[in-house]
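Engineer: here is the input, now give the coordinates:
(one chain, ligands or ions: 1)
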Amino acid sequence: MKNAKSLIVGNWKMNGLRQDIDQILAIGASLKENPIDGEVVICPPATLTALAVDAVTNLPVKIGGQDCHAAKAGAYTGDISAEKWKDIGAKYVIVGHSERRESYSEDNISVRSKAKAVLDAGLIPIICIGESLSERDSGETLSVLTKQVRECVPEEAKKGSIAIGYEPVWAIGSGKTPSVDDISEAHSLIRHVLTEEIGDRSKVTPIIYGGSMKPSNASEILAIDGVDGGLVGGASLKAEDFLSIIRAS
Ligand SMILES: O=C[C@H](O)COP(=O)(O)O
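Structural biologist: You can find the predicted model right below:
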């Protein structure tokens, strides 16, 4: 049973130049002509975000940031606060992506602070969680996910909107994906723990899968009970690929 709305997010990571705004325009034009029942979000690199927001005016695509600082403003060279994302018209912010956890030593507590900052700014955090390969191999997947949900989801999520991105770290950019049963089990566990944490808001919280989602496997993954959408990296860069994933939802 699906209660939460469908949410498909394209995370461009550190890819894309000004000319690639055309990909966003193509996605938006297609969705305007043939709307879907759900939300499509693109998170381009920070250099393109304001341009992307302007490009999607009157198109059914939302724009998001890929990370934020937990503070509103201050002497934090190179960082971007949730308030700044709001100021340029972004609607979502990814927090806790495993690439940030690894490169910048972000832990669950800092992810929680960032998610709180996004909610305080009136935006929607996409809170990323997921087990590493060694955690999976040692049978710790469900306990790792439980701890991540408990520690990363802030109190404010009882009132505001959030999304959870389940991304097994070993599936990101690797071409490997978990089995349908494994994805289903993980999403069901995440929903259960989320309900313990935020009560009924859990029912309307999209829990989306990320990790090597592509046109050839999107229908199968997106049809899994408990999967409310996708968090797509490499296959979101070209309008044709991303649209075929969106249309599979
Ligand atoms: O944020 C997106 C994920 O890290 C998935 O990336 P990928 O689709 O390239 O595996």
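Engineer: just the pLDDT for the residue in the chain that the ligand sits nearest to.
Structural biologist: For the chain and the ligand, the shortest gap (Cβ to the nearest ligand atom) falls at G233, measuring 2.3 Å. (Each C-beta comes from the backbone N, C-alpha and C, glycine too.) On pLDDT, G233 comes in at 98.
Engineer: residues in this structure within reach of the ligand, list them.
Structural biologist: Selection of the chain residues close to the ligand by Cβ under 6 Å from any ligand atom yields 11, 97, 167, 172-173, 210-213, 231-235.
Engineer: picking that back up, give me the neighbour count for the residue of the chain closest to the ligand.
Structural biologist: The number of residues packed near G233 is 23, by other Cβ atoms under 10 Å.
Engineer: equivalent analysis for G199, please.
Structural biologist: 11.
Engineer: my guess is it meets A157, correct?
Structural biologist: No: with contacts counted by Cβ atoms under 8 Å, G199 stays clear of A157, the gap being 9.9 Å.
Engineer: quick check: closest non-adjacent residue to E197.
Structural biologist: Excluding the flanking residues, the one nearest E197 by Cβ to Cβ, 6 or more residues apart in numbering is V153, at 5.3 Å.
Engineer: could you check how far whichever strand or helix holds K114 is from the centre of its chain?
Structural biologist: K114 belongs to helix 108-120 when assigned by DSSP states H and E. For helix 108-120, the separation from the chain centroid amounts to 14 Å (computed by Cα atoms, centre = their mean, to the nearest Å).
Engineer: for stretch 149-161, same thing?
Structural biologist: 15 Å.
Engineer: contacts for it, please.
Structural biologist: For stretch 149-161, contacts defined as Cβ atoms under 8 Å, 6 or more residues apart in numbering pick out 96, 108-109, 111-113, 115-116, 119-120, 122, 124, 127, 129, 162, 164, 190, 193-194, 197-199, 201, 204-205.
Engineer: of all the residues in it, which ones are buried?
Structural biologist: Residues of stretch 149-161 classed as buried by neighbour count (16 or more other Cβ atoms under 10 Å): V149, C152, V153, P154, E156, A157, G160, S161.
Engineer: save the residues you listed as CSV, and put in distance to S30 and pLDDT too.
Structural biologist: As requested, those are exported to CSV (distance: Cβ to Cβ, whole Å; pLDDT from 0 to 100):
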residue, distance to S30, pLDDT
V149, 34, 98
C152, 34, 98
V153, 34, 98
P154, 35, 98
E156, 35, 97
A157, 32, 98
G160, 30, 96
S161, 26, 97
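Engineer: where along this structure do the strands fall?
Structural biologist: Counting by DSSP state E, the chain has strands at residues 7-11, 39-43, 62-65, 92-95, 124-129, 163-166, 207-210, 229-232.
Engineer: how about the contacts made by K62?
Structural biologist: Shown in contact with K62 (Cβ under 8 Å, 6+ apart): E39, V40, V41, I42, V56, A90, K91, Y92.
Engineer: again, only this time at 10 Å
Structural biologist: Counting by Cβ atoms under 10 Å, 6 or more residues apart in numbering, K62 touches 7, 9, 39-43, 52-53, 56, 89-92, 124.
Engineer: kindly report the same for L231.
Structural biologist: Counted by Cβ under 10 Å, 6+ apart, L231 has contacts 7-11, 41, 43, 94, 97, 126, 128, 130, 163-167, 172, 208-211, 213.
Engineer: what average pLDDT does stretch 17-35 get?
Structural biologist: Stretch 17-35 comes out at a mean pLDDT of 98.
Engineer: could you export it as PDB, CA atoms only?
Structural biologist: Provided in PDB are the C-alpha atoms of stretch 17-35 (Å, rounded to 0.1, in the frame of the first residue of the first chain):
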ATOM      1  CA  LEU A  17      27.400  23.100 -16.700                       C
ATOM      2  CA  ARG A  18      25.200  26.000 -17.700                       C
ATOM      3  CA  GLN A  19      24.400  24.300 -21.000                       C
ATOM      4  CA  ASP A  20      22.800  21.400 -19.100                       C
ATOM      5  CA  ILE A  21      20.000  23.600 -17.900                       C
ATOM      6  CA  ASP A  22      18.500  22.400 -21.300                       C
ATOM      7  CA  GLN A  23      18.100  19.000 -19.700                       C
ATOM      8  CA  ILE A  24      16.000  20.400 -16.900                       C
ATOM      9  CA  LEU A  25      13.900  22.400 -19.500                       C
ATOM     10  CA  ALA A  26      13.300  19.200 -21.500                       C
ATOM     11  CA  ILE A  27      12.200  17.300 -18.400                       C
ATOM     12  CA  GLY A  28       9.900  20.100 -17.300                       C
ATOM     13  CA  ALA A  29       8.400  20.400 -20.800                       C
ATOM     14  CA  SER A  30       7.700  16.700 -21.000                       C
ATOM     15  CA  LEU A  31       6.100  16.700 -17.500                       C
ATOM     16  CA  LYS A  32       4.000  19.700 -18.400                       C
ATOM     17  CA  GLU A  33       2.700  18.000 -21.500                       C
ATOM     18  CA  ASN A  34       2.200  14.600 -19.800                       C
ATOM     19  CA  PRO A  35       1.900  15.200 -16.000                       C
END
